[in-house]
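1. Sharing a sequence plus its predicted fold:
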Amino acid sequence: MFGNLFEEEEDEGFVSTSATGRTAKGGEEPPPPRGRSNLCGIKNQGGTCYLNSLLQTLLFTPEFREELFNLGPEELGCLEDKDKPGAKVVRVIPLELQRLFARLLLVDQQSASTTDLTDSFGWNSTEGTNQHDVQELNRILFSALEHSLVGTSGSTLIQRLYHGTIVNSIVCKECGNVSQRKEDFLDLTVCVCGVSSLEEALWNMFVEEELFEGNNLYRCAQCSRLVTAAKSAKLKQLPPFMTVSLLRFSFDFAKCERYKETGRYAFPLTINLRPFCEQTDAEDSDFTYELFSVIIHKGGCYGGHYHVYIRDIDELGKWEPPEEDCKPKAQKKTKEEVKESSEQKLQEDDPLSIITAIIAQESSKSVLLDQLGQKLMNKTGSSWSKRFRKPYGPIGKFLQSHSDIFILVSNGTRVALKANPPSPATEASAPSEQTTNSEPSTASDGATSDLQPEQGSHWFDLNDSTVTSIRESDIEKQFQGKESAYMLFYRKTQLYRPSEALSNPQYKVPSHFIQMAQDENQRLQQYSEEFDATNNTVELHLHLAPLYKTVNGVLRPLSEEPSGSINLSFDRRKTIGDLRLTIYHMQELWEGDMALTVAKSLPAGLHLYNTLTDDSVSLYSAGIHTNTDLFVWNGKEVRGAAVQTGAEWEPVLLTVVRPFLSEGVEHEAQNGVKCETTDNCDSENGAAGLKREARGFAGGATLGEVREALGEPRESLLCQEHNGGKVGGQGAGEGGGASGWRVFPPDDMQRTLKELSLKDGDALLVLEPQSFDSSVFSRTGDVVTVTTPSDCRWLQVELRTQIKGGEEEQEEQRKKVKVPATGNTLLYEVKQRAIWELQLQEQPSGAQYCLRQVDCSGKLLPPVCEELNVRDAGVRLMTTLTLCPGNAPKESQLFLHFTVGSAPSAGMEMDIIVEKTFTVKECLRAMLDAVRLDGTSWHLRRLDWCEEVGEPLMDEDASLSELKISSGETLVVTEGLLPPKGFLKLSVWLYVDESGVEADFKHSENSSAEQSISVCGENMAELRNVGKVEISDDATLEDLKTQVLTLPTLQDVCVPVTSFLRVWQMEGGRLTRVLRGQQVTLRKLKLTNGADLCVQCLLKEEDLGPKQVLLKIKMGVPGERSYYPPEELVWDASHDSTPRSLRTSLAAHYGLSPDSLLLAKRQPEKHAWEEISNWVSLQKLQKR
């Protein structure tokens, strides 16, 4: 169960084999420092919460910790020598336990790793992800330690601290003979079922007598016969530490299943064991124990989570009132509170008193300059700029003007009170305080005075990496329920701690471990500084004003060379003033004022938004991030021209369209804008056409100003492309030979481009009055029609005869002819003209032809309806139609492909023309008649998007038009009756993760019949097809999971209950969504027949709610283009679904500050990451 925890080979000097396959420890992100509690947690390897709880209990047993540290290298050896041949015995387990304890005590990190310790146990890579029983681990670990310490001064360590003795007695009622038997114990196992408290369980064990009478008599050795007797047990020898294991898990023989006892089971904080002992004449202190650790189990009998409540006996941690106590209570204010609140209201208009109160309430006695504005807004309900900026100026100047009260510390990044400056220790702990993101209590002074830490040892909740303060009264909450006490640890009250051990984590720690911790702290600090500097460096693109010019109010570079911007790497924690000074040093020849304005490169050119004016604000607070464009200028003009800023002046790139005659027209580029001819027509013989050029204009410019900028007279018309309906009897479509444009009325000349909703790429037609003299342009009301030139009105018809031979012969047998046509020409006329010109009228009578279009891949499309004209059939002029043998469908008919039995392959499809009003049954009968098949056990199915056989057409009485079946679709005639309505046939796949619990899943030898899909982006996971299930759509998701587990291929997959299974819906071989709700029916989950599902085994129970989001997280490796192994996180978005909530959840998961995270979402279609904007900017947009 626990690997080879005992098996240390003596020949190798007690060196156990390390597990293979572990990842290297280099290149990881620096761990966060300790939190407010100043205690270190332990990382969970996937399922080692039970181990972490036990190790923390041993660490906070000072006598055990000190006895372990007393064992020096001369007795245990050195880890560096374990692989050296001929070296003396190296006892790996106690050495690794010493190193872990030293790190937990002295290294400044939020959590320590147990990988080295579990390697010394001989655990393989899967043992860290499998959860076991902590009571059994306690016995196994003690046994392994005793085995490792044989021959050292610590060989009796476990016996001295935890060993006790029970004496079992049987007294003969006839002769009074007493038979006794001693029993050793390291922990007491007490019953929970049917017992209400620990005292009652001990009373039943050591006070109540069991009588042997009736049919259950005892054979007395002295009487030599069966007699009545009484059996009892007493504690003979008490250990210094009493470990009590609660039998929470029981077996129901009626149901043949395990269950967990969740009823109330009380246990005291202090207990006197005198009534349960054999010898009772000693002092009370010899029998009195006090509770110092409670290991808690949350969950059921097949899995769950462990954490531990521990009393900090040596006062190593910093206890603070729990968060629940800091929340203001909903009760009436006392007279003193009312008086204090009224005094505070009198000072709300005094910024000096408000800022002083904010700094005084901080535990670090200082506040980050960047956060002072936010804290002031939380305090007063309004920002500094809105309330105090006008009378007092910027907040930075206000602090400088009161230098007798405020002082800048930490290199100018924090502000403190001059009368009460922060100590160096407090100042150093400020980052960890910031990481916790907790605000000071808003309760009144009278309320907060009750929350001050009490003197003496306190209780903490150590939950893997997280350590939080709790009150002693919180222990009572663990008496009952699914989250309840599982192991109790008591110590004798006579065990006193010396005063020098209090608040001294280095007490009795060997000097070489202290030096190791100091070196590691120094290395972590250096690495954190380097990482922090790298993480806070942003890449800025500086655009210098001398390299730009304004064209129509739009900033454009002087040249098209890509050197128009300068890249600058800068620390975002520095201020705008620092950035401005750096740019001054870079541009030595710069004269006059320098303004920095946030810019953005748009299709029309560079545009400016907000100017950074407050030099005291950091780049991060100003919203400056990587790849931000900054325009460096004097803040007024560029090359003598004023520049408009703001979103309302965003430039628009318009396509300006002008008429032209091809003769003598020169194509030239002006201002970097290319001109081109359009309309796909030959410009021979002076034919008219359109010339297009891209021009940028300011979004706030009026249409009249645009006309003036184009150099057009006032009588010129500006038109916008018209996309609706018929235009003067001519279609605006591509095949109609004409396009329509709407003329802007005179009133629109005074409206801006933004008001007219013109956007990038919109076309603007410019016409002079004489343009209507040409036959190309005609005006009807406010609509201008541009008619396609006459020499562009044709269709090409190609004849493909029977191919015999190679490609060269194929080219010779293709005949092409160009047929005159307009948008109103009937396709029947086009076909007849082509048949006449190709001289096909001499073919045998009865030969039929149809016209078919060809797609870009060369595939023939369905025949066009010859009753329609070119425009209505959607045929474009100047394209090619293929003349093929066969009939053309009428407007009321459909042209369908069909195949029998399976998905169609190349050349195996058959064609049929049916009426749109045909029912599915009639269509099926027509197809069966066409292939001369008989019988009633057939049905029709559609093809899905993968060109595979898809869903059956269930309603056989529905018409093809009602089912939205269109020409060109392929139907499959499938043998067999239709499946019953409401019955689903689902394909099931198994998610196999080679590094997870499914790694033991083995397939049978005939692997050639199996299918597998590699999961995209994951090297260690794949999807394997395990079969199909048939189930009613009225069944629940839990029923589906149960039926899936009955598949023969999944017999080797061990799943305790269905909640340990996650079911995915698949599309195109990819996992798309998780099916939620154990009792939700498959119909409500919108599962359809033939859907693909994937089941994934989990390490713990899961029941996702509708507002819980399953996220797959990848943390980038700093400085590298790679990621740490992906993790899963369930984000509860029921209360807050904003990016801020997501950022906070991820920060809490990784133990980082929310400000240090940059989030992005993977876009698989684009093969790129899309950055999720800062929640602050999103909030501003929502307010707007």
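-> Received, thanks. Numbering: from 1, shown residues only.
2. what number of residues lie near the closest residue in space to Thr1088 that isn't next to it in sequence?
-> Spatial nearest neighbour of Thr1088, excluding adjacent residues (Cβ to Cβ, 6 or more residues apart in numbering): Glu951 at 6.4 Å. Every residue, glycine included, has its C-beta placed from N, CA and C. By other Cβ atoms under 10 Å, 13 other residues sit near Glu951.
3. Enumerate the positions of the host helix or strand of Glu951 that are buried.
-> In this assignment (DSSP states H and E), Glu951 forms part of strand 949-952. Judged by neighbour count (16 or more other Cβ atoms under 10 Å), strand 949-952 contains these buried residues: 949-950, 952.
4. what element comes up after whatever helix or strand Lys379 lives in heading to the C-terminus?
-> Per DSSP H and E, Lys379 falls inside helix 369-380. Scanning forward in sequence from helix 369-380 by DSSP H and E, the next helix or strand is helix 384-387.
5. what is the rounded mean pLDDT of that next one?
-> Per-residue pLDDT over helix 384-387 has a mean of 76.
6. And stretch 190-204, by the same measure?
-> 91.
7. Between the two ends of it, how far is it?
-> Length of stretch 190-204, first residue to last, Cα to Cα, to the nearest Å: 10 Å.
8. Kindly report the same for stretch 29-47.
-> Start-to-end, stretch 29-47 (Cα to Cα) is 22 Å.
9. what's the burial count for Leu753?
-> 23.
10. How about the one 4 residues further on?
-> When neighbours are counted by other Cβ under 10 Å, Ser757 registers 7.
11. How is it assigned, secondary-structure-wise?
-> coil (DSSP: H, G, I helix; E, B strand; the rest coil).
12. any idea how far Val308 is from Ser382?
-> 46 Å (Cβ to Cβ, to the nearest Å).
13. More neighbours: which of those two?
-> Val308 (25 against 12).
14. which one is that one nearest to, not counting chain neighbours?
-> According to Cβ to Cβ, 6+ apart, the nearest residue to Val308 is Ser53 (4.0 Å).
15. who does the strand holding Glu951 pair up with?
-> Each strand paired with strand 949-952, and its direction, by DSSP bridges: strand 938-943 (antiparallel).
16. Please identify the buried residues of the partner strand?
-> 938-941, 943.
17. now, which of the residues you listed sits nearest Leu524?
-> Distance to Leu524 across the buried residues of strand 938-943 (Cβ to Cβ) is lowest for Leu943, with 60.1 Å.
18. The nearest residue to the closest one once chain neighbours are set aside pairs with what?
-> Distance criterion Cβ to Cβ, 6+ apart; nearest residue to Leu943, sequence neighbours excluded, is Thr970 at 5.1 Å. Thr970 has these beta-bridge partners by DSSP bridges: His897.
19. How about the contacts made by Thr970?
-> Thr970 sits next to 896-899, 904, 909, 943 when contact means Cβ atoms under 8 Å, 6 or more residues apart in numbering.
20. OK, contacts around Leu544?
-> Contacts of Leu544 (Cβ under 8 Å, 6+ apart): 566, 587, 632.
21. Just the buried residues of the residues you listed.
-> 566, 632.
22. Could you list the low-pLDDT ranges of the stretch 551-700 of the chain?
-> 560-564, 660-689 (pLDDT under 70).
23. Mind jotting down where the strands sit in the stretch 801-950 of the chain?
-> Taking DSSP state E, counting those that start in this stretch as the criterion, the stretch 801-950 of the chain carries its strands at 814-820, 849-854, 860-863, 880-885, 893-900, 910-915, 938-943, 949-952.
24. quick one: the residue nearest to Thr1088 from Asp1039, how far?
-> Taken as Cβ to Cβ, the span from Glu951 to Asp1039 is 22 Å.
25. now swap in Leu1129 and tell me
-> Leu1129 is 29 Å from Asp1039, by Cβ to Cβ.
26. repeat for Ser153
-> 62 Å.
27. Compare the two and say which is more crowded by neighbours.
-> The neighbour comparison of Ser153 against Asp1039 (other Cβ under 10 Å) goes to Asp1039, with 17 against 12.
28. So the closest residue to Gly886 other than its chain neighbours versus Pro863, what's the distance?
-> Leaving aside its chain neighbours, Gly886 sits nearest to Cys850 (5.0 Å; criterion: Cβ to Cβ, 6+ apart). Distance, Cys850 to Pro863, by Cβ to Cβ: 4 Å.
29. any shared contact partners between these two?
-> 884, 886-888.
30. how about the helices in the stretch 301-450 of the chain?
-> 323-326, 335-346, 351-361, 369-380, 384-387, 389-392, 395-401, 424-428, 430-436, 445-448 (DSSP state H, counting those that start in this stretch).
31. Look up how far Thr613 lies from Gly635.
-> 9 Å.
32. Let's see the helix or strand hosting Glu693 as PDB, backbone CA atoms only.
-> Following DSSP H and E, one finds Glu693 within strand 688-697. The C-alpha coordinates for strand 688-697 follow below in PDB (Å, rounded to 0.1, in the frame of the first residue of the first chain):
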ATOM      1  CA  ALA A 688     -15.200  52.500 -68.500                       C
ATOM      2  CA  GLY A 689     -14.400  51.100 -65.100                       C
ATOM      3  CA  LEU A 690     -13.800  52.000 -61.400                       C
ATOM      4  CA  LYS A 691     -10.600  53.000 -59.700                       C
ATOM      5  CA  ARG A 692     -10.200  52.300 -56.000                       C
ATOM      6  CA  GLU A 693      -7.800  53.800 -53.500                       C
ATOM      7  CA  ALA A 694      -7.600  53.500 -49.700                       C
ATOM      8  CA  ARG A 695      -7.600  56.800 -47.800                       C
ATOM      9  CA  GLY A 696      -7.600  57.500 -44.100                       C
ATOM     10  CA  PHE A 697      -9.700  60.200 -42.500                       C
END
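33. Report all helices and strands that that strand contacts.
-> strand 554-557, strand 652-661, strand 675-678, helix 703-709 (3 or more Cβ pairs under 8 Å, 6 or more residues apart in numbering; DSSP states H and E).
34. Which one, of those, ends up nearest to Leu1098?
-> strand 652-661 (52.0 Å).
35. what's the domain layout of this protein?
-> 41-158+462-527, 164-288, 353-417, 537-646, 647-660+690-722+748-789, 792-801+814-840+847-891, 983-994+1019-1097, 1108-1171 (the TED database).
36. Output those in TSV, with distance to Ile295 appended to each entry.
-> Formatted as TSV, the domains of the chain follow (distance: least, Cβ to Cβ, whole Å):
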stretch	distance to Ile295
domain 41-158+462-527	4
domain 164-288	9
domain 353-417	31
domain 537-646	43
domain 647-660+690-722+748-789	59
domain 792-801+814-840+847-891	67
domain 983-994+1019-1097	22
domain 1108-1171	23
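37. Out of those domains, which gets the lowest mean score?
-> domain 353-417 - the lowest mean pLDDT of these, at a mean of 78.
38. where's Gln1108 relative to Trp123, distance?
-> 32 Å.
39. Tell me which of these two has more neighbours.
-> Neighbour totals were compared for Gln1108 and Trp123, and Trp123 leads with 23 against 16 (other Cβ under 10 Å).
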